[in-house]
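Engineer: next comes the sequence, and after it the predicted model I'd like to discuss.
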Amino acid sequence: MSIQTLPVCSDDGHRFNLSLQRAETDAPDQAPLLLFLPAMGTRARFYNRLGGEMARSGISFAAMDWRGIESSSQRASRRVDWGYEELIAQDVAAAKRCLRAVLPNASLWMGGHSLGGQLSAQFAGRAPQEVQGLALIAAGTVHFRAWPGISGLRLLALTQSAWLLSKVLGHYPGQTLRFAGREARSVIRDWAGTARFGRYRFGPDPDAQEAAMRELKKPVLALGFSGDTLAPEAAMNVLVSKMPACKVTRWHWAADKTHGETLDHFSWARRPEIIAPSVSHWIDEQQAALSPASA
C-alpha cells in the first residue's frame, strides 16, 4: 500500500496534509478519484485501509485531516475558532485544488463518513461543476426529529450541551469526553443548530446551503449499516431527501453473511475489503453512464 502525503495550504494560511493512494491500474492518472472527508474528530489515516482497497479496485483515494486534527497547523481555543464555512470554503476547496494539480485528468468524486458525508454534499452543492457524484458512508442528518424514538431526544441533549460547554470553555474538549476531538466552538454551534432545527445554515448566505442541495443533480450513493446507532437509516434518508434532483442509490448493510459481523458507525472502516469493491463498482458504473461515449 503506497500512500503519498501532500501538504496543503488554504487561502487563509491554514496548513494540513492530504493522503493520496493512486489507483492500481495501467493508467492511474485517468482513474476516478474519490476525495473522502472524515467524520468529526477523526484522523485521515483512519481511512488508510479503505483507501488501499479502493485503489486495488481501480479508484484513486484521497483523505484530508480536518482543521484542528492531527497534521493541522491550528488547534481550537478561545482565540482560534472556525465553523463549517471555513472547513468547506477554505480547506475542502484547497484539498480539491491540490488534487487537481496532481491528477488533472481524473474525474473527481466526493464522499465522506458521518459529518464528512454531510459536508461533502454541501461542497458539491456549491461547486456542482467540480464533482461527478457523491459516496456517503454512515452519514445522516443530525436533526433530532429524524432519529427514531428516544434516541432523537438523547441526540438533542448531547448536541445542545456540547454547544453550551464549548461556549463556556472556548472549544469542545472531545478527546477528554471521548466523543469527537478538540473541536472549534463554531463547528459545534453549526452541528448543534442542525440538530435542533434540521437545516444547514451557515456562511455569508445561510439560506443558500439548503437551496444548493435541492438544485444538485448528481448520482449519490447512500450506504448505511444495520449496527450504526450514530447514523440510523432514517437519518440517512432525511439527508438524501435534501437532494431531490439527485439519482440516489441506497444500500443498507445488514450482518455480513460471510464473516457474521454487524458493522457499525466505525467498524466498517476496519473491514473495508467487505464494502470497497461494491463502492468502487458503483463509481465505475456511474462514471460510464456520465461519459460522453456512453451518452
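Structural biologist: All right, it came through fine.

Engineer: neighbours of the closest residue to A63 other than its chain neighbours, how many?
Structural biologist: Among residues not flanking A63 along the chain, A44 sits closest, at 4.0 Å (CB to CB, 6 or more residues apart in numbering). Bear in mind the C-beta positions are built from the backbone N, C-alpha and C, glycine included. Counted by other CB atoms under 10 Å, the residues lying close to A44 total 24.

Engineer: which ones are touching A44?
Structural biologist: By CB atoms under 8 Å, 6 or more residues apart in numbering, the contact set of A44 is N17, L18, S19, P38, A63, M64, D65, E70, S71.

Engineer: and it, how far from R15?
Structural biologist: Using CB to CB, to the nearest Å, we find A44 at a distance of 14 Å from R15.

Engineer: what do these two both touch?
Structural biologist: S71.

Engineer: follow-up on the earlier one: if I look at the residue nearest to A63, how far off is A106?
Structural biologist: 19 Å.

Engineer: over to Q175?
Structural biologist: Counting by CB to CB, the gap from Q175 to A106 is 35 Å.

Engineer: between the two, which has more neighbouring residues?
Structural biologist: When Q175 and A106 are compared on other CB under 10 Å, the one with more neighbours turns out to be A106, at 22 against 12.

Engineer: ok, back up a step: mind putting the contacts of A44 into JSON lines with secondary structure, neighbour count and distance to L136?
Structural biologist: Below are the contacts of A44 laid out as JSON lines (DSSP: H, G, I helix; E, B strand; the rest coil; neighbours: other CB atoms under 10 Å; distance: CB to CB, whole Å):
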{"residue": "N17", "secondary structure": "strand", "neighbour count": "17", "distance to L136": "23"}
{"residue": "L18", "secondary structure": "strand", "neighbour count": "23", "distance to L136": "20"}
{"residue": "S19", "secondary structure": "strand", "neighbour count": "21", "distance to L136": "20"}
{"residue": "P38", "secondary structure": "coil", "neighbour count": "25", "distance to L136": "13"}
{"residue": "A63", "secondary structure": "strand", "neighbour count": "29", "distance to L136": "15"}
{"residue": "M64", "secondary structure": "strand", "neighbour count": "31", "distance to L136": "16"}
{"residue": "D65", "secondary structure": "coil", "neighbour count": "22", "distance to L136": "20"}
{"residue": "E70", "secondary structure": "coil", "neighbour count": "16", "distance to L136": "23"}
{"residue": "S71", "secondary structure": "coil", "neighbour count": "18", "distance to L136": "24"}
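
Engineer: looking at the residues you listed, spot the one nearest S2.
Structural biologist: S19 (10.6 Å; CB to CB).

Engineer: the helices in the protein, which residues?
Structural biologist: 48-56, 84-85, 93-102, 115-126, 150-169, 174-177, 185-197, 208-215, 233-241, 272-290 (DSSP state H).

Engineer: and the shortest one, what does it pack against?
Structural biologist: Pointing back at helix 84-85 there. Under the contact criterion of 3 or more CB pairs under 8 Å, 6 or more residues apart in numbering; DSSP states H and E, helix 84-85 touches helix 185-197.

Engineer: CA atoms of the helix it packs on as PDB?
Structural biologist: The C-alpha trace of helix 185-197 is given here as PDB (Å, rounded to 0.1, in the frame of the first residue of the first chain):
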ATOM      1  CA  ARG A 185     -16.900  26.100  19.200                       C
ATOM      2  CA  SER A 186     -18.300  27.300  15.900                       C
ATOM      3  CA  VAL A 187     -18.200  23.800  14.400                       C
ATOM      4  CA  ILE A 188     -20.200  22.700  17.500                       C
ATOM      5  CA  ARG A 189     -22.500  25.700  17.000                       C
ATOM      6  CA  ASP A 190     -23.200  24.600  13.400                       C
ATOM      7  CA  TRP A 191     -23.600  21.000  14.400                       C
ATOM      8  CA  ALA A 192     -26.000  21.800  17.300                       C
ATOM      9  CA  GLY A 193     -28.000  24.200  15.100                       C
ATOM     10  CA  THR A 194     -28.600  21.400  12.500                       C
ATOM     11  CA  ALA A 195     -29.600  19.000  15.300                       C
ATOM     12  CA  ARG A 196     -32.200  21.500  16.700                       C
ATOM     13  CA  PHE A 197     -33.700  23.000  13.500                       C
END
